[in-house]
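Q: Sequence plus predicted model, see below.
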Amino acid sequence: EPEVTQTPSHQVTQMGQEVILRCVPISNHLYFYWYRQILGQKVEFLVSFYNNEISEKSEIFDDQFSVERPDGSNFTLKIRSTKLEDSAMYFCASSESQGAREKLFFGSGTQLSVL
Amino acid sequence: GESVGLHLPTLSVQEGDNSIINCAYSNSASDYFIWYKQESGKGPQFIIDIRSNMDKRQGQRVTVLLNKTVKHLSLQIAATQPGDSAVYFCAENDSSYKLIFGSGTRLLVRP
């Protein structure tokens, strides 16, 4: 089965530093998402992206966050100035059509630790 | 069931028995529901979905039941196997782009 791949699997950074989390969605998918999961808590929606623009974002996704699809295969999440509370597992997901109504494929996640 | 913070409710079942995992959702406007399975170190994996015009849907060894009156969703796993051990999340959608996930239930399968 095709899969969403994420790199790196673990990222450790100092508070205030910028991080970029990378994702390669499934090749024929058109809708892309970032979710995050703080240890032991719910999976939370961050942002959805379609046709090179954000289609929806949550309150978590403030000005410190941005997403980009720099080429035909990658989808990135940037956190400009990380805070301790940004520590979480970040999941990328993609879907073939408007995804929350269809099957979302999730990557294995990037564990971000902010020190 | 639902949980708060770090304490996931846990369902422990004997291998071969049936499992029932429950979920309460909150948004009356939600009309699409999904169950995900999350194994340790992995992302959520789609199991089965159901739309609000149905009250039951069956897959391979899994059945989802939807009771819109009480805003309740359940996942039934038949003949539970060790490979079913994971955290199970329900998720809901109200035609927006986002899924709202529940808190999760840990399923432990005893050999």
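A: Received the coordinates, thanks. Numbers count the residues shown, from 1 in each chain, chains lettered A, B, ... in the order given.

Q: Secondary structure element holding B:F33?
A: Assessed by DSSP states H and E, B:F33 sits inside strand B:32-38.

Q: low pLDDT regions in the chain?
A: All of this is about chain A. Counting by pLDDT under 70, chain A shows low-confidence ranges at A:98-102.

Q: Chain B was what I was after
A: Judged by pLDDT under 70, the stretches of chain B that qualify are B:1-7.

Q: Who is the closest residue to chain B within chain A paired with across the strands?
A: The nearest approach of chain A to chain B comes at A:F106, 3.3 Å away (Cβ to the nearest Cβ). Glycine gets a C-beta too; all of them are placed from N, C-alpha and C. With DSSP bridges applied, A:F106 shows beta-bridge pairing to A:A93.

Q: What separation do you get for B:G102 and chain A?
A: For B:G102, the distance to chain A (Cβ to the nearest Cβ, to the nearest Å) stands at 7 Å.

Q: who's in contact with that residue?
A: Going by Cβ atoms under 8 Å, 6 or more residues apart in numbering or on different chains, B:G102 touches A:K42, B:E2, B:C23, B:A24, B:Y25, B:F89, B:C90, B:A91, B:E92.

Q: ditto for A:E59
A: Contacts of A:E59 (Cβ under 8 Å, 6+ apart): none.

Q: what helix or strand does it sit in?
A: Using DSSP H and E, no helix or strand contains A:E59.

Q: and the residue in chain B positioned nearest to chain A, how many residues sit next to it?
A: Residue nearest to chain A within chain B (Cβ to the nearest Cβ): B:G43, separated by 3.3 Å. Neighbourhood size, B:G43 [other Cβ atoms under 10 Å in any protein chain shown]: 23.

Q: From the contacts of B:G102, which land in strands?
A: The strands, defined by DSSP state E, take in B:C23, B:A24, B:F89, B:C90, B:A91, B:E92 from the contacts of B:G102.

Q: These: which ones sit near chain A?
A: Residues of the ones in strands among the contacts of B:G102 in contact with chain A (Cβ under 8 Å from any Cβ of the partner chain): B:F89, B:A91.

Q: Mind putting the ones in strands among the contacts of B:G102 into a markdown table with neighbour count?
A: Shown next, in a markdown table, are these (neighbours: other Cβ atoms under 10 Å in any protein chain shown):
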| residue | neighbour count |
| --- | --- |
| B:C23 | 24 |
| B:A24 | 14 |
| B:F89 | 24 |
| B:C90 | 27 |
| B:A91 | 26 |
| B:E92 | 23 |
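
Q: Lovely, talk soon.
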